[in-house]
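Colleague: Quick one, what's the 3D model for this:
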Amino acid sequence: MTDPGDGAGRADPDRPSWAGLAPMNHVHQQGSGLSETYWRAEQAALERRRGQRWGLPAAALVLGLNLAGFLVLGLVVTSDASAVFVVGIMIPSLLATGVAVAISKSRGNGPVVDFGLPRSIPEFLGHLRSGLAWGGVAVVGGIVLALILLSRIEVGDPTPLGAVTDMAVGLKIVLALWIWLGAPICEETMFRGMLWGALEKRTRPMPMAWLGNRWVVLAITAVLFAVWHREWWRLVVLLWGGFAIGIARMRSGSIVASITAHSLNNTLPALVVLLA
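Modeller: Model (predicted):
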């Protein structure tokens, strides 16, 4: 019996070339006689296929806006302990996220389909569980890797927020909340929403269609996510986190799972800022 969720057996020219891979794509539910797609990102990609008129140029625009905003911020902000700095680090990400949502609404299926947002409480709880599980993997592995790195290398300034101790308490609270919730929402919309979806779209017979392979998508988004933070001393830690967060996205088909994993991974840095 064909599983209606995986699209097998359909004569669909837009169906991803990797959507029918076995046995990695499916797990058997014991006692039910049914199977479900394990990597639910495939189902999400199939669902948005026909209505998605955005791709890599749109993802590049979103990421470019974010990068440009941070470059401008570095030119105009002189103190990491000022309110201008706290607000300034939010604006580029909020702007890029707003553009991503606008592109999804105008040239796609809307954020619910394009970014895999849940449509029911049980679906939301499933995404939440996946995010917590893989976020835990990111945290535990990140702590171990950070301890190894700190024992082997000399780090002059291990944190990009060196002046946080001079910051007013109110600003610390705002910054901690941004690190814990705001940044994960924005970054996941950009990386595991726009960039992920743009790469997944490249599955039709075309040059470089291999970019649409789920493992290639996972690797590209994880590497770019790590490099984007420009914290070279902990690049390995960021890579580990990027892969774990990406697997949450791949497992669930939703950025809600990757946002949850990202937020859990950012809990310790947020606490450091709050208690510094």
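
Colleague: How about stretch 93-112, which residues are buried there?
Modeller: Judged by neighbour count using 16 or more other C-beta atoms under 10 Å, the buried positions of stretch 93-112 are 93-97, 99-101, 103-104, 108-109, 111. Every C-beta, even on glycine, is put in place using the N, C-alpha and C of the backbone.

Colleague: could I get the residues you listed as TSV with pLDDT and secondary structure?
Modeller: TSV is the format used below for these (pLDDT from 0 to 100; DSSP: H, G, I helix; E, B strand; the rest coil):
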residue	pLDDT	secondary structure
Ser93	96	helix
Leu94	97	helix
Leu95	96	helix
Ala96	97	helix
Thr97	98	helix
Val99	98	helix
Ala100	98	helix
Val101	98	helix
Ile103	98	helix
Ser104	98	helix
Gly108	96	coil
Asn109	97	coil
Pro111	97	helix
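
Colleague: Using JSON lines, please lay out these together with distance to Gly64.
Modeller: Below are the buried residues of stretch 93-112 laid out as JSON lines (distance: C-beta to C-beta, whole Å):
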{"residue": "Ser93", "distance to Gly64": "13"}
{"residue": "Leu94", "distance to Gly64": "15"}
{"residue": "Leu95", "distance to Gly64": "11"}
{"residue": "Ala96", "distance to Gly64": "8"}
{"residue": "Thr97", "distance to Gly64": "14"}
{"residue": "Val99", "distance to Gly64": "10"}
{"residue": "Ala100", "distance to Gly64": "12"}
{"residue": "Val101", "distance to Gly64": "16"}
{"residue": "Ile103", "distance to Gly64": "13"}
{"residue": "Ser104", "distance to Gly64": "17"}
{"residue": "Gly108", "distance to Gly64": "19"}
{"residue": "Asn109", "distance to Gly64": "23"}
{"residue": "Pro111", "distance to Gly64": "20"}
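
Colleague: and which of those is nearest Pro118?
Modeller: Proximity of the buried residues of stretch 93-112 to Pro118 was ranked by C-beta to C-beta; the top entry is Pro111 with 11.5 Å.

Colleague: What count of nearby residues applies to Ile121?
Modeller: As a burial measure, Ile121 scores 8 neighbours (other C-beta atoms under 10 Å).

Colleague: where do the helices sit along the chain?
Modeller: Secondary structure of the chain (DSSP state H): helices at 41-48, 56-76, 83-107, 111-114, 121-152, 169-177, 183-188, 196-200, 214-228, 235-252, 255-265, 267-275.

Colleague: In contact with the nearest residue to Asn66 once chain neighbours are set aside, which residues?
Modeller: Spatially, and ignoring its direct neighbours in sequence, Asn66 is nearest to Ala96 (3.9 Å; C-beta to C-beta, 6 or more residues apart in numbering). Neighbour list for Ala96: 62-63, 65-66, 69, 186, 190 [criterion: C-beta atoms under 8 Å, 6 or more residues apart in numbering].

Colleague: Count the neighbours of the residue nearest to Val84 when sequence neighbours are not counted for me.
Modeller: Using C-beta to C-beta, 6+ apart and skipping residues adjacent in sequence, the residue nearest Val84 is Val77, 5.6 Å away. Counted with other C-beta under 10 Å, the neighbours of Val77 add up to 15.

Colleague: Identify the residues contacting Val77.
Modeller: By C-beta under 8 Å, 6+ apart, the contact list for Val77 reads 84-85, 88.

Colleague: Distance-wise, check the closest residue in space to Val256 that isn't next to it in sequence relative to Ala41.
Modeller: Excluding the flanking residues, the one nearest Val256 by C-beta to C-beta, 6+ apart is His127, at 4.1 Å. Applying C-beta to C-beta, to the nearest Å, the value for His127 to Ala41 is 12 Å.

Colleague: Good, wrapping up.
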